[in-house]
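Enquirer: Dropping the sequence and predicted coords here.
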Amino acid sequence: MSLRRDPFGEALGHLRRQLAIGAIWPGQALIIQDLAAELKLSPTPVREALARLAGEGLIEVRQGGGYRLWSADAVDLADLYEAHLSALLSSLRMLVAEPGRRVDSGDRDGDEGSVVEVTDAAFDGLVRACGNRVLLTWRRSLAQRLVWARRVEALVFDDAEVEARRLLHDLARTPDPPDQARVVASFHRRRRDGAELIARALRDLGEQESIKQI
């Protein structure tokens with residue numbers, strides 16, 4: 001029987017995967033003892049993993065102790081959408097400075113996965129193209145914090161799926177960075193302006209999921 005060499009890494013990896021797939025809902029309490037039992041680990045590495053995620057802003061400390069998934073208000077969401085847009089625009093400006101380089105966005109209309117997953121992959125491609133790893137890490141961190149907001153966009157915007165497909169189509173058909181900048185700016189600023197409605201949808205979702213656990 002082999003011994004675990006990195007219980008902290010195991011706990012952190014598990015939690016990151018759960019956050020990435022949306023298995024933890026906004027406002028959900030993260031109970032150290034329950035997670036430790038689920039992972040067959042002692043509470044210490046689980047507590048350390050949660051502290052790491054809290055330091056990254058992905059979860060937050062609950063009033064009275066413990067942790068929960070970060071639940072954004074409208075101001076936070078508006079700032080996050082604007083910051084994510086800034087990461088994309090910064091990448092595209094770097095590409096403008098290198099005229100020989102273009103983003104190979106591809107036509108992702110037929111890609112597998114949800115619209116959110118496919119658009120996120122497109123955004124990732126824009127940043128990867130500039131070759132700046134720090135910028136890429138920043139964009140991915142912002143995308144992680146927006147994962148639930150992106151999922152409830154369809155509850156706020158009736159044409160969210162059509163709009164996302166149009167975004168993918170436009171990115172594929174407009175390989176020049178300045179044109180792509182206009183496309184992604186329009187997409188993000190609509191969401192920034194609708195941050196109050198998105199935040200309300202997130203609160204409603206958190207309440208529904210909490211009721212299911214009673």
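Expert: Arrived safely.

Enquirer: what helices or strands is the helix-or-strand element of the chain with minimal mean pLDDT leaning on?
Expert: Using mean pLDDT, DSSP states H and E, helix 195-212 stands out as the lowest-scoring helix or strand of the chain, at a mean of 80. Judged by 3 or more C-beta pairs under 8 Å, 6 or more residues apart in numbering; DSSP states H and E, the packing partners of helix 195-212 are helix 74-96, helix 147-156. C-beta: built from backbone N, CA, C; applies to glycine.

Enquirer: quick one: low-confidence ranges for the protein?
Expert: Scanning the chain for pLDDT under 70 picks out the ranges 1-4, 98-113, 209-214.

Enquirer: where exactly do the strands run in it?
Expert: Using DSSP state E, the strands found in the chain span residues 29-30, 59-61, 67-69.

Enquirer: Out of those, which one sits most buried?
Expert: Mean neighbour count (mean count of other C-beta atoms under 10 Å) peaks for strand 67-69 among these, with a mean of 22.

Enquirer: I'd like the strands of the chain as CSV, with distance to V156 appended.
Expert: Output for those, formatted as CSV (distance: least, C-beta to C-beta, whole Å):
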stretch, distance to V156
strand 29-30, 26
strand 59-61, 23
strand 67-69, 20
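
Enquirer: quick one: which of the helices and strands packed on helix 195-212 is nearest W138?
Expert: helix 74-96 (5.6 Å; C-beta to C-beta).

Enquirer: Quick one: list the elements packing against the closest one.
Expert: With contacts taken as 3+ C-beta pairs under 8 Å, 6+ apart, helix 74-96 sits against helix 115-130, helix 133-145, helix 147-156, helix 177-193, helix 195-212.

Enquirer: wait, which of the ones you listed is closest to L41?
Expert: Nearest of those (C-beta to C-beta): helix 133-145, 22.8 Å.

Enquirer: How far away from the center of its chain is that closest one?
Expert: On the basis of C-alpha atoms, centre = their mean, to the nearest Å, helix 133-145 sits 9 Å off its chain's mean C-alpha point.

Enquirer: Then stretch 56-76?
Expert: Distance, centroid of stretch 56-76 to centroid of chain: 15 Å (C-alpha atoms, centre = their mean).

Enquirer: Equivalent analysis for stretch 192-202, please.
Expert: Distance of stretch 192-202 from the chain centroid (C-alpha atoms, centre = their mean) equals 15 Å.

Enquirer: Send over it as PDB, restricted to the C-alpha atoms.
Expert: What follows is stretch 192-202, C-alpha atoms only, in PDB (Å, rounded to 0.1, in the frame of the first residue of the first chain):
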ATOM      1  CA  ARG A 192     -20.800  44.600 -16.900                       C
ATOM      2  CA  ASP A 193     -23.900  46.800 -17.400                       C
ATOM      3  CA  GLY A 194     -26.200  43.800 -16.500                       C
ATOM      4  CA  ALA A 195     -24.200  43.000 -13.300                       C
ATOM      5  CA  GLU A 196     -27.100  43.700 -11.000                       C
ATOM      6  CA  LEU A 197     -29.300  41.300 -12.800                       C
ATOM      7  CA  ILE A 198     -26.600  38.600 -12.900                       C
ATOM      8  CA  ALA A 199     -25.900  39.100  -9.200                       C
ATOM      9  CA  ARG A 200     -29.600  38.700  -8.400                       C
ATOM     10  CA  ALA A 201     -29.700  35.400 -10.400                       C
ATOM     11  CA  LEU A 202     -26.700  34.200  -8.500                       C
END
